[in-house]
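Participant: Prediction below, plus the sequence it came from.
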Amino acid sequence: MRANSFLYSKPSQWGRWATHLAASWWRMLFLGAVALVLAFSPSTYTRAHRVATARQIYLGAWQVLPWFTALSALVSLVIIRIVLVTAFSYGLSGFALEMVVRVLVLELIPLSAALFVALRAGMAFNTAALEPLAADQSPDAAWRLRRDLVAEVSGNAFAVLTLAMVSSVVVLVLAYLNVYGLSPYGLDDYTRTVGRVFEPAVTVGFAIKTVLFGLAVAVIPAAAILEIQRFGRDSTSTMQPGAVRLLFVLLVIEAGSLAVKYF
């Protein structure tokens with residue numbers, strides 16, 4: 001019984017549905033643990049594994065980095081101007097820079113990077129390559145599945161981290177230029193404000209949240225693809241495998257991060 005069949009199931013089948021859902025989440029967590037162990041295992045990185053991983057990092061991060069950075073800079077510039085003008089009009093200019101850093105760098109940039117990678121790469125988790133390999137039980141197919149799985153997971157996780165970090169640096173530079181212009185005399189006040197935002201606990205939380213975003217984007221689509229091979233695809237669904245679950249996990253991570261910081 002598929003998880004999305006709950007709405008069409010009888011009350012007597014809800015127990016089976018709950019069991020299937022719990023097993024599905026467990027398989028996802030187990031796959032994530034296996035992928036992490038393989039990613040940090042030196043024996044994984046043979047020449048073929050290194051080439052496959054480098055290719056996925058190039059496709060997932062380096063190839064789209066200029067375009068994503070330019071797009072995020074353009075959107076961030078608009079938001080920065082709106083925040084600054086609104087703060088000045090209400091006499092709250094002293095809080096404008098801190099608000100920009102908290103909203104854009106801490107919250108919107110990591111989430112937008114995760115969603116971008118998910119839409120571009122994560123939800124299209126090389127279905128055509130992984131499903132036949134998962135169905136084939138030969139030793140060669142198992143080796144190729146391990147190579148492609150580690151490459152996809154590493155590439156997507158690295159892409160989220162790279163896009164988020166580079167875009168955050170660009171937004172911080174744009175924020176300074178919009179508040180202080182090209183003058184170097186605002187550096188002291190700027191560094192104090194940014195340092196006040198990025199206190200140790202917030203910095204650790206920001207890093208953990210970004211890493212969790214990367215792992216979610218990397219693992220959840222892969223687990224959905226492999227689960228489809230075992231239980232079949234829902235013919236009534238037009239969404240990419242794992243899309244709803246991935247969005248749910250991203251929102252839970254973001255909500256948890258906000259709850260820890262502000263409550």
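Facilitator: Happy to help now that I have it.

Participant: CA only for contacts and neighbour counts going forward, please
Facilitator: Noted.

Participant: So for residue 199, what's the pLDDT?
Facilitator: Looking at residue 199, its pLDDT reads 87.

Participant: what does the one 3 residues further on give?
Facilitator: Note on residue 202: pLDDT of 88.

Participant: Please give me every residue in contact with it.
Facilitator: residue 261 (CA atoms under 8 Å, 6 or more residues apart in numbering).

Participant: That one sits in which helix or strand?
Facilitator: Here residue 202 sits within helix 200-231, counting by DSSP states H and E.

Participant: Helix or strand next in line after that helix, which one?
Facilitator: Later in the chain than helix 200-231, the nearest helix or strand by DSSP H and E is helix 243-262.

Participant: buried ones in the helix holding residue 202?
Facilitator: By neighbour count on 16 or more other CA atoms under 10 Å, the buried set for helix 200-231 is 202, 205-206, 209-228.

Participant: mind checking how far that helix is from the chain centre?
Facilitator: Relative to the centre of its chain, helix 200-231 is centred 6 Å away, using CA atoms, centre = their mean, to the nearest Å.

Participant: Specify the angle between it and helix 243-262 in degrees.
Facilitator: 160 degrees (axes from the mean of the first three to the mean of the last three CA atoms, to 10 degrees).

Participant: Figure out how far stretch 196-206 is from the centre of its chain.
Facilitator: Distance, centroid of stretch 196-206 to centroid of chain: 19 Å (CA atoms, centre = their mean).

Participant: no no, stretch 182-193
Facilitator: 32 Å.

Participant: what's the first-to-last distance across that stretch?
Facilitator: End-to-end distance of stretch 182-193: 18 Å, with CA to CA, to the nearest Å as the criterion.

Participant: I would like the residues contacting that stretch, please.
Facilitator: Contacts for stretch 182-193 (CA under 8 Å, 6+ apart): 97-98, 176, 180.

Participant: How are the helices of the stretch 1-150 of the chain distributed by residue range?
Facilitator: 14-39, 47-57, 65-89, 96-100, 109-117, 127-135, 139-180 (DSSP state H, counting those that start in this stretch).

Participant: now for the fifth one, which elements pack on it?
Facilitator: Helices and strands in packing contact with helix 109-117 are listed as helix 139-180, helix 200-231; criterion 3 or more CA pairs under 8 Å, 6 or more residues apart in numbering; DSSP states H and E.

Participant: can you check the third one too?
Facilitator: Contacts of helix 65-89 with other secondary structure elements, assessed using 3+ CA pairs under 8 Å, 6+ apart, are made with helix 96-100, helix 139-180.

Participant: nearest to residue 260, of those?
Facilitator: The closest of the helices and strands packed on helix 65-89 to residue 260 is helix 96-100. By CA to CA, the value is 18.0 Å.

Participant: Centre of the chain to the closest one, how far?
Facilitator: For helix 96-100, the distance to the chain centre is 24 Å (CA atoms, centre = their mean).

Participant: now stretch 74-88
Facilitator: Using CA atoms, centre = their mean, the offset of stretch 74-88 from its chain centre is 25 Å.

Participant: For it, give me every contacting residue.
Facilitator: 93, 95-97, 99-100, 104, 171, 174-175, 178-179.

Participant: in that stretch, what counts as buried?
Facilitator: 76-77, 80-81, 83-84, 87.

Participant: Would you mind stating the distance between the most centrally placed residue in the chain and residue 198?
Facilitator: In the chain, the C-alpha nearest the mean C-alpha coordinate belongs to residue 114, at 2.9 Å (CA atoms, centre = their mean). With distances taken as CA to CA, residue 114 is found 21 Å from residue 198.

Participant: I'm done for today, thanks for sticking with me.
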